[in-house]
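> got a structure for you, letters missing:
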């Protein structure tokens, strides 16, 4: 092979690698969008916010004021260690 054909092969490999990265990024974004559609926030009987995700219920444990990061803890059992984190996710409560 000549130098030019090696260079062309290198360019093609970079192009394919970029396409692979782009495809992975698109798949990741689609997964994020699908997961966001599964999240719902509503109001509890006592006026607090509840987050529902994949048939599990979470309530707010902490809100970091500097970053607006919401920490949600499992509402099913006090011994449950499950947590959800959202940043700036504060849609209208329905």
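Nice, I can see it. All values reported here derive from a predicted model rather than from experimental measurement. Numbering: from 1, shown residues only.

> for the spatially most central residue of the chain, phi and psi?
Against the mean C-alpha coordinate of the chain, by C-alpha atoms, centre = their mean, the closest residue is residue 32 at 4.9 Å. Dihedral pair for residue 32: phi -60, psi -40, per degrees, to the nearest 10.

> how much distance is there from the top strand by length along the chain to the middle of the chain?
Looking across the chain with DSSP state E, the single longest strand is strand 56-64. Averaging C-alpha positions (C-alpha atoms, centre = their mean, to the nearest Å) puts strand 56-64 16 Å from its chain's average.

> just to revisit the earlier point, need the pLDDT of the residue nearest to the centre of the chain.
For residue 32, the model assigns a pLDDT of 74.

> partner strands of the longest strand of the chain, with direction?
According to DSSP bridges, strand 56-64 has the following sheet partners: strand 49-53 (antiparallel), strand 69-74 (antiparallel).

> if you average pLDDT over each of those, which is lowest?
Among the strands paired with strand 56-64, strand 49-53 has the lowest mean pLDDT, at a mean of 89.

> how near is residue 55 to residue 40?
11 Å (C-beta to C-beta, to the nearest Å). Bear in mind the C-beta positions are built from the backbone N, C-alpha and C, glycine included.

> next: residue 28.
From residue 28 to residue 40 the distance is 22 Å (C-beta to C-beta).

> pLDDT of the longest strand of the chain, averaged?
Strand 56-64 shows a mean pLDDT of 91.

> what secondary structure does residue 76 sit in?
coil (DSSP: H, G, I helix; E, B strand; the rest coil).

> just give me the neighbour total for the residue nearest to it when sequence neighbours are not counted.
Once flanking residues are discounted, residue 76 sits nearest to residue 57: 6.4 Å by C-beta to C-beta, 6 or more residues apart in numbering. Residues within reach of residue 57, counting by other C-beta atoms under 10 Å, total 14.

> residue 20 should be in a helix, yeah?
Yes: according to three-state DSSP, residue 20 belongs to a helix.

> list the contacts for it?
Applying C-beta atoms under 8 Å, 6 or more residues apart in numbering to residue 20 gives no contacts.
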